[in-house]
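Chemist: generate a structure from the sequence data that follows.
(2 chains)
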Amino acid sequence: MKKNRYQLEFKLFFRSSSSWIGIFVLLITGFAGLYFGKTFIARQEAVIEKAAILQKKNTLKNIEHFGDDIGLLFFHNKFTLANAPDNWAAFANGQRDINPYLISVTMLGLEGQLYDTDINNPVSLLLGNMDLSFVFIFLFPLVITAFTYNLLSEQKESGIWSLLRAQTNQSFQVIWQKFLVRVAVIFSVALLLLLAAMFYLALPQDVTFLSVTVLILLYLSFWFAVSFFFISLGKSSNFNASALIAVWVLLCIVIPASFNLFLTRKYPVPEALQNVINQREGYHEKWDMAKDVTMKPFFKHYPQLKKYPFPEKKTFSWYWYYAMQQMGDDQAFASRLAIEKKLASRQDFTDIFAFFLPTIQTQLGLNKMAGSDLATHLEFQQAVRKYHEQIRLHFYPAIFLNRDVNDTDIKDYKLEKYNRQQIPHVWINMLSVSLLTMVMIGATALNLKRFNS
Amino acid sequence: MSGRISTIAKQTFKAAFNNKATLALTLLLGLSLCLATYVGWQNFKMQNNQRLHYKAMVRAQWLAKPDKHPHRMAHYGYLAFREKHELSFFDFGIESFAGVSIFLEAHKQNTVNFSEAGFTNGMLSFGEISVAMVLQLLVPLLIFFLGYNSISAERESGTLKILLCQDVSWRQLLWGKTMGIIGVCLSIFIPLILLTILLWASLSHWQISMDSALRLLLLVLTYAIYFFIMSAVTVLVSAFARSSKSALITLLAFWIFFMVIMPRITQAVGVKIHPSPSKIEFADAIATEVHQQGDSHDPNDPHYAAIKDSLLKAYAVDDVKKLPFNYGGYIMAEGEKITSKIYSSHQNELNKIFKKQNSMTTITGFLNPYLSLKNISMALTASDFNTYVDFQHQAEAYRYQLAQKMNKLQIEKISNIKPGDEEKPLAISKSNWAEQPDFNYHFKTLDTVLSDELLALSALTFWLLVTVILLQYSTKWLKTI
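Modeler: Numbering: from 1, shown residues only, chains lettered A, B, ... in the order given. Model (predicted):
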């Protein structure tokens, strides 16, 4: 009997053309999101491959041009580290459009090179990327709204509700069943898209996949709970539609957008500009100072390099030059830490705030899993620092002793890829979304109590 | 005739405010607008002051450099900061996505770094609230809520028949309702504009420029047109819809499709059709061309060998050291000329590609008035792509001029004989540094801005015409019952 009623509800649901439109909209935008997201990441992968070839080509060219002067060679030669995209990056492009994924640096001062951006079209950055996470976060809630806003009100407005109430005392069961049918359909579409993503983006079936799936389903449940809350108020269709859209606008646009403005206001990053100035002065002023001013702190920083004789008398030596460059970085050390601290406090504040906002929570969670968030970029920057330091220490002796370039292993240096060290988790994000869902369910239960009595 | 329209408009206006929900929504929107204006204004002041602070610091440091070789100064270079236009607190446009500072040095063109977007987590994909955003996105939503049942409710309650019997024409009804809804919008918009004018004047230190005043005037005008278009569309949808409910659903679907989904898709398509090179490809293309045209680092390069020969001939000497000017400076000036020309042509090519990518969104303005207004608004508040490109141009022109100035000083004032390995380096007096002026960005004038935005402006005009025509002539297809 009960099973039959569900079958009937499914039939009813699929008979309406608006149901099909909703499903098609989700599927089409979902596939479009997958396509554009993958295109975007595939392009980055292609560029990384190309960069690997150019790295070799340019090194050889530099050796040909500047091979006689080892100091000059390393003045020009760049070393590249690539933030290799995870397959998941195509699912949620996140900040990968804004932050550079290839950082090429010479052995000179790092602080002057590390923050160089990619060449980007700022309008594209402004309008944002189209990827599957966008469809899940922005469009699914809208279709959920469209499917459910009039479940009760339509019955009331067409007069069926009073008939139903007269015939059975389980009238609300009918609404509940209709609701569950819609939950089942939306969840199926979501799972279908996730499955498509799994094949199309070659995502491994691991904990990450499971976490993303759970997070998304929780997020969708949140919107169903919101919708059901408004149904339980028993207002008109027009009220429900307006109210649900208003909630969507608030959660997806107004609150996050206001928060952004607040964040910029509360945590400005003038340290970044200060850092550039510190680095530039720290290096350039040394030209006009006694060599001691440079060399003493340099040897203090690297006592192991003291064993290489420093040509005091020479007006110019590469030894001195690279030490001056190092001073730029050393003098920007405090401001660099200040930037990191500021960014960390921004992140902490965002995390607290996001706890109350499922939209932000889910977006941040997906970006995190996809390795396209700010934290991953900062880790990548740290990896560049490490790589740069390693190269410096490796080639300093050769430069300081003015060795022949061919005695070094510079030709063996190729483009390196940075891969994330640890798999992130999104427990907090799941917890937050579940709690908020629970709150909505609680509020609905209260409403229903009143409704039944 | 016009008396009736205004009666209907007044009635609609009053009815809207009698509804408590509308009143609450309008007040809420008005409040959030004032808040957005205020915080945006504060942000503007803070960010711009930071930039001005560092700008002054950079200048002072430049002037304070001791006597040295001019080429050292060319490498010391300059830091330029992108200043904000005083109207950009109204519309942030691409402000947060465009870099803020650029290091200008000899031989090398750097990127504009440190955009606000680089410091934020994925949050920024939700947008940033600004006055423009509220007016472009949320006010239309208010209009839809206000007007979705403007005609359909009259029809459903049967009053429509009575109205039309009482010698009120369809045309008057449509115009009256539209005007009434615009009236509600204006009750938010007018105080906001007054606030904007006040804040803008204070940002300009009460010395307002004609150019900015005209920009603001045009902003007010285009936004008013936009509200009119939105109100007219709402009333028309309400008049044609079968029921209030279907009118509401149609309008909400429009809103979502045109304002949320479409901008992303058009841009993604634009990027797909006109792919832009990555930074390494861009740099490699330039390097290859520089190598072909003449490489000042290569002693056997034919271009520079020819220059050397002709110089030796002209001055009748057998060694460049005997030339009456600094040969190294001369060669560097030539190198700078060649590379910067090549760089600029590639940069222009790149910007053309970006423009093509964006043109997809601009052309879509004919389908989507939101996009055309967005473009116009960004252009008028100088927070658009063209202004950013213009900044890059001016910064590059400054860089080139600085490098060549230093080369000239070297050619004229530095001896042609290199000092020995252990001798003091050659230097010129620090008094020369003041000759290099400070970098000041000059915003484009309004007439260039308008000619750049011709397409977006015509798209908005097109929409204005379409809605006026529909209000006037679509009445014959309307049903009373």
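Chemist: and stretch A:356-373, average pLDDT?
Modeler: If you average the pLDDT over stretch A:356-373, you get 93.
Chemist: buried residues in that stretch?
Modeler: Using 16 or more other Cβ atoms under 10 Å in any protein chain shown as the test for burial, stretch A:356-373 gives A:357-373. All C-beta spots, glycine's among them, are computed from the backbone N, C-alpha and C.
Chemist: with stretch A:4-14 instead?
Modeler: Buried residues in stretch A:4-14 (16+ other Cβ under 10 Å): A:9, A:13.
Chemist: show me where the stretch 201-350 of chain A has its helices.
Modeler: All helices of the stretch 201-350 of chain A, identified by DSSP state H, counting those that start in this stretch, fall at A:207-232, A:237-249, A:255-266, A:270-284, A:291-301, A:318-331, A:333-354.
Chemist: which parts of the longest one are buried?
Modeler: Along helix A:207-232, the positions that meet the burial threshold by neighbour count (16+ other Cβ under 10 Å) are A:208-209, A:211-212, A:215-232.
Chemist: what does the fifth one give?
Modeler: Of the residues in helix A:291-301, those buried by neighbour count under the rule 16+ other Cβ under 10 Å are A:291, A:294-295, A:298.
Chemist: excluding chain neighbours, what is closest to residue A:154?
Modeler: Residue nearest to residue A:154 in three dimensions, not counting chain neighbours: residue A:237, with 6.0 Å by Cβ to Cβ, 6 or more residues apart in numbering or on different chains.
Chemist: what about whichever residue of chain A sits closest to chain B, neighbour count?
Modeler: Closest approach between chain A and chain B, counting by Cβ to the nearest Cβ: residue A:256, at 3.4 Å. The number of residues packed near residue A:256 is 24, by other Cβ atoms under 10 Å in any protein chain shown.
Chemist: residue 282: how many residues sit nearby?
Modeler: Because you didn't say which chain, this covers chain A. Neighbour tally, residue A:282, other Cβ under 10 Å: 23.
Chemist: wait, chain B
Modeler: Residue B:282 - counted by other Cβ under 10 Å - has 18 other residues nearby.
Chemist: do the same with the one 10 residues further on
Modeler: The local packing of residue B:292 (other Cβ under 10 Å) involves 10 other residues.
Chemist: how close does the nearest residue to residue B:453 once chain neighbours are set aside sit to residue B:91?
Modeler: What sits nearest to residue B:453 in space, not counting adjacent residues and going by Cβ to Cβ, 6+ apart, is residue B:379, at 4.7 Å. Remark: distance between residue B:379 and residue B:91 (Cβ to Cβ, to the nearest Å) = 9 Å.
Chemist: find residues that contact each of these two.
Modeler: Counting by Cβ atoms under 8 Å, 6 or more residues apart in numbering or on different chains, no residue touches both residue B:379 and residue B:91.
Chemist: helix, strand or coil for whatever residue of the stretch 301-450 of chain B ends up closest to chain A?
Modeler: Across the stretch 301-450 of chain B, the shortest distance to chain A (Cβ to the nearest Cβ) belongs to residue B:354, at 4.3 Å. Three-state assignment for residue B:354 (DSSP: H, G, I helix; E, B strand; the rest coil): helix.
Chemist: around chain B, pick out the residues from the stretch 351-453 of chain A.
Modeler: Within the stretch 351-453 of chain A, the positions near chain B by Cβ under 8 Å from any Cβ of the partner chain are A:359-360, A:363-364, A:367, A:372-375.
Chemist: pLDDT wise, what is residue B:352 at?
Modeler: pLDDT at residue B:352 comes out at 95.
Chemist: list the contacts for the residue of the stretch 301-450 of chain B closest to chain A?
Modeler: Taking Cβ under 8 Å, 6+ apart, we find residue B:354 in contact with A:121, A:123, B:276, B:385, B:389.
Chemist: what's the nearest residue to the first one if we skip its chain neighbours?
Modeler: The spatial neighbour of residue A:121 that comes closest, neighbours along the chain excluded (Cβ to Cβ, 6+ apart), is residue B:354 at 4.3 Å.
Chemist: okay, now the unreliable bits of chain B?
Modeler: B:1, B:296-299, B:481 (pLDDT under 70).
Chemist: can you classify the residue located most distally from the centre of it by secondary structure?
Modeler: Distance to the chain centre peaks in chain B at residue B:318, reaching 55.9 Å (criterion: Cα atoms, centre = their mean). Following three-state DSSP, the label given to residue B:318 is coil.
Chemist: surely residue B:110 is within a strand?
Modeler: Yes. Per three-state DSSP, residue B:110 lies within a strand segment.
Chemist: which residues are in contact with the closest residue to it other than its chain neighbours?
Modeler: Spatial nearest neighbour of residue B:110, chain neighbours left out: residue B:103 (4.8 Å); criterion: Cβ to Cβ, 6+ apart. Applying Cβ under 8 Å, 6+ apart to residue B:103 gives the contacts A:112, A:276, A:280, B:77-79, B:110, B:113.
Chemist: give me the contact list for stretch A:276-294.
Modeler: Applying Cβ under 8 Å, 6+ apart, the external contacts of stretch A:276-294 come out as A:109, A:111-112, A:115, A:310, A:312, A:320, A:323-325, A:327-332, A:334-335, B:54, B:57-58, B:61, B:65-66, B:68, B:72, B:75-77, B:79, B:101, B:103, B:113-114.
Chemist: cool, stretch B:62-74 as well?
Modeler: A:284, A:287-288, B:76, B:78, B:105-106, B:329, B:332, B:402-403, B:406-407, B:409-410, B:413-414, B:425-430, B:432-434, B:436.
Chemist: name the element residue A:81 belongs to?
Modeler: Per DSSP states H and E, residue A:81 falls inside strand A:79-83.
Chemist: is chain B contacted by the helix or strand just after that strand?
Modeler: Using DSSP H and E, the helix or strand that follows strand A:79-83 in sequence is strand A:102-105. Yes. Judged by Cβ under 8 Å from any Cβ, strand A:102-105 comes into contact with chain B at A:102, A:104.
Chemist: quick check, the helix or strand following strand A:102-105 touching chain B?
Modeler: Going down the chain from strand A:102-105, the next helix or strand is helix A:122-127, by DSSP H and E. Yes. Against chain B, helix A:122-127 shows contacts by Cβ under 8 Å from any Cβ at A:122-127.
Chemist: dump these into CSV; add pLDDT, distance to residue A:6 and neighbour count as well.
Modeler: Converted to CSV, those look like this (pLDDT from 0 to 100; distance: Cβ to Cβ, whole Å; neighbours: other Cβ atoms under 10 Å in any protein chain shown):
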residue, pLDDT, distance to residue A:6, neighbour count
A:122, 93, 51, 25
A:123, 93, 49, 26
A:124, 92, 46, 23
A:125, 91, 47, 21
A:126, 91, 46, 25
A:127, 90, 42, 24
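Chemist: burial check on residue 332, number of neighbours?
Modeler: With no chain named, the answer covers chain A. Using other Cβ under 10 Å, residue A:332 has 26 other residues around it.
Chemist: chain B, not that one
Modeler: Residue B:332: 22 neighbours (other Cβ under 10 Å).
Chemist: then residue B:56?
Modeler: Neighbours of residue B:56 under the rule other Cβ under 10 Å: 11.
Chemist: gap between it and residue B:49?
Modeler: Distance of residue B:56 to residue B:49, computed by Cβ to Cβ: 11 Å.
Chemist: would you enumerate the residues in contact with the residue of chain B found nearest chain A?
Modeler: Nearest residue of chain B to chain A, counting by Cβ to the nearest Cβ: residue B:126, 3.4 Å away. Neighbour list for residue B:126: A:252-253, A:256-257, A:260, A:359-360, A:363 [criterion: Cβ under 8 Å, 6+ apart].
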